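In: can't give you the sequence, but here's the structure:
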């Protein structure tokens, strides 16, 4: 049986005004009260002229830090082609980072606007500008097109491979957010499709340095499944925080089919697959990297523990910087990985030889 929310969703087009606006959380609010709140919010937003801060806010510049996932791709490419390090590369790196930030913001814009009718059921996201009615669909379309065009135009200055990866990143935002695809509404596919952005960011970083080749598939799968683990824990933490399966299903359709157990178990699966392919990459390409494996395992475990806390930072990755111990550990791990690019550990190679026990 279809709910009224389903019918409202079907009637909405990609850049139509959200059919239901206003901060309707909690659900006990009456329609008239909710509508009056929406009108007050809209009037406040427009009282001082064009609400440009709201349009800037839905582009989520505070989420640009996620593009740090480009860094390992850059470092691995430089390790494989050290002669690529030059003064000219600095300009390409700057152009690449700006391009990815703009493309990511284009995806955030449509995400916020098309999710407005669902975010009103979330205890925090119901305060977003799109939910309050302060945002207009025609200006969202203009903002999306400008961000997309600027991001791709700057990406074209890097190289063709980078441009292709940036276009795929933009396309994944369409698949994730826009009907009839809207993969975010489908159980497990929501996590897997969103986490594809992780290996894409790795490829974008790699392509700045090596725009004529591709990295090992093992590291890309590691990145994909590692991102799925992070996203799975985010979903788990959100589901627990809402603490009401019905309300959770109204906020995110995929939550209608999840349980706390299924979210936790699927995240465990993603972590195992990521660890397996990480091990393949570590052993195959530089044996010294194997020393970091216990540290990566601790990083996964630590993040899971964070996801189990009340008001967890896992729900909003932009708040991870407040987890100072975790961020310090992640930074230290990054420094160790970079150091092991250049430090040889001969005894480790001897220890891992097949004939270490003298077998023929």
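Out: Received, thanks. Values in this document were obtained by computation on a predicted structure and should not be read as measured data.
In: how about the helices of the stretch 101-250 of the chain, start to end?
Out: Here the stretch 101-250 of the chain has its helices, by DSSP state H, counting those that start in this stretch, at 116-119, 129-132, 137-156, 160-177, 189-195, 197-209, 217-242, 245-251.
In: Identify whichever of those helices lies nearest to residue 267.
Out: helix 217-242 (3.4 Å; C-beta to C-beta). For the C-beta atoms, the positions are set from N, CA and C on the backbone; glycine is no exception.
In: Going by neighbour count, list what's buried in that closest one.
Out: 218-240, 242 (16 or more other C-beta atoms under 10 Å).
In: Measure how it sits relative to helix 197-209, angle-wise.
Out: 140 degrees (axes from the mean of the first three to the mean of the last three C-alpha atoms, to 10 degrees).
In: confidence score at residue 4?
Out: Residue-level confidence at residue 4 comes out at 43, pLDDT.
In: Repeat that for residue 173.
Out: Residue-level confidence at residue 173 comes out at 95, pLDDT.
In: Touching, it and residue 110? I think so.
Out: Yes - judged on C-beta atoms under 8 Å, residue 173 makes contact with residue 110 at a distance of 6.5 Å.
In: on that earlier part again, where among the helices of the stretch 101-250 of the chain is average confidence lowest?
Out: Note on those: lowest mean pLDDT is at helix 129-132, with a mean of 80.
In: Distance from the chain centre to that one, please.
Out: Centre-to-centre, helix 129-132 and its host chain are 22 Å apart (C-alpha atoms, centre = their mean, to the nearest Å).
In: do stretch 256-276 as well
Out: 17 Å.
In: Kindly report the same for stretch 165-185.
Out: Distance, centroid of stretch 165-185 to centroid of chain: 13 Å (C-alpha atoms, centre = their mean).
In: contacting residues around it?
Out: Contact with stretch 165-185 is made by 9, 14, 99-100, 103-104, 106-107, 110-111, 114-115, 148, 151-152, 155, 189-190, 193-194, 196-197, 200-201, 203-204, 207, 252-254, as judged by C-beta atoms under 8 Å, 6 or more residues apart in numbering.
In: So residue 310, which state does it fall into?
Out: Classification of residue 310 by DSSP: H, G, I helix; E, B strand; the rest coil places it in coil.
In: Please report phi then psi for it.
Out: Per-residue torsions, residue 310: phi -70, psi 140 (degrees, to the nearest 10).
In: just use 15 as the starting number from now, easier for me
Out: Happy to do that; since the first residue is 15 now, the last one works out to residue 324.
In: Grab the nearest non-local neighbour of it.
Out: With C-beta to C-beta, 6 or more residues apart in numbering as the measure, residue 255 is the residue that lies nearest to residue 324, at 7.6 Å, once sequence neighbours are left out.
In: now residue 153
Out: Using C-beta to C-beta, 6+ apart, the closest residue to residue 153 is residue 69 (6.4 Å).
In: before we move on, what about residue 209?
Out: residue 241 (3.4 Å).
In: residues contacting residue 244?
Out: 209, 317, 328, 331.
In: Adding neighbour count, distance to residue 289 and secondary structure, write these out as a markdown table.
Out: Output for those, formatted as a markdown table (neighbours: other C-beta atoms under 10 Å; distance: C-beta to C-beta, whole Å; DSSP: H, G, I helix; E, B strand; the rest coil):
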| residue | neighbour count | distance to residue 289 | secondary structure |
| --- | --- | --- | --- |
| 209 | 21 | 15 | helix |
| 317 | 23 | 13 | helix |
| 328 | 24 | 19 | helix |
| 331 | 14 | 21 | helix |
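In: Can you tell me which of those residues is closest to residue 105?
Out: Closest to residue 105, out of all of the contacts of residue 244 and judged by C-beta to C-beta, is residue 331, at 29.0 Å.
In: I appreciate the help and will end here.
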